[in-house]
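[1] Quick one, fold the following:
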Amino acid sequence: MFHYLEKAIMGMAFLRFLSGSLEIFVAFLILKYNDVEKALVVNSSLALIGPIVLVITTTIGLFGIAENVSFKKLIWIFGGVACILYGVKSS
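    Alright, predicted model coming up:
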């Protein structure tokens, strides 16, 4: 039976599928290169994409629930995401 899926859900799922596919592709590249230095470069490049996907999927989700959540709570959520990104940022 066909169920209606919201646009926000479809967008978030698509980005996660795309991100996961990219991670698998990078794993194959690491195996193909078979060199630690090249593997670190490829892995570091991939590390830039993770936070971008996190922010975009969170933004899509927040736009999807924006009418149900107060502006104050949206600010708290964005602040929390900013704290996560700051916490994982390498010094």
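[2] Can you spell out which helices and strands pack onto the helix or strand hosting Glu37?
    Under the criterion of DSSP states H and E, Glu37 resides in helix 36-65. Judged by 3 or more Cβ pairs under 8 Å, 6 or more residues apart in numbering; DSSP states H and E, helix 36-65 is in contact with helix 7-33, helix 71-88. No exception for glycine: its C-beta is placed from N, CA and C like everyone else's.
[3] could those helices go into TSV alongside mean pLDDT, distance to Leu40 and mean neighbour count?
    Listed next are these as TSV, based on pLDDT from 0 to 100; distance: least, Cβ to Cβ, whole Å; neighbours: other Cβ atoms under 10 Å:
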stretch	mean pLDDT	distance to Leu40	mean neighbour count
helix 7-33	93	9	13
helix 71-88	84	18	11
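[4] re earlier: in the helix holding Glu37, what counts as buried?
    39, 42, 46, 53-54, 57-60, 62 (16 or more other Cβ atoms under 10 Å).
[5] Spatially central residue for this protein, please.
    Centroid-nearest residue in the chain: Val53, 2.4 Å away (criterion: Cα atoms, centre = their mean).
[6] Isn't it up against Phe14?
    No: with contact defined as Cβ atoms under 8 Å, Val53 does not reach Phe14; the gap is 10.9 Å.
[7] Report the angle between the helix holding Glu37 and helix 7-33.
    180 degrees (axes from the mean of the first three to the mean of the last three Cα atoms, to 10 degrees).
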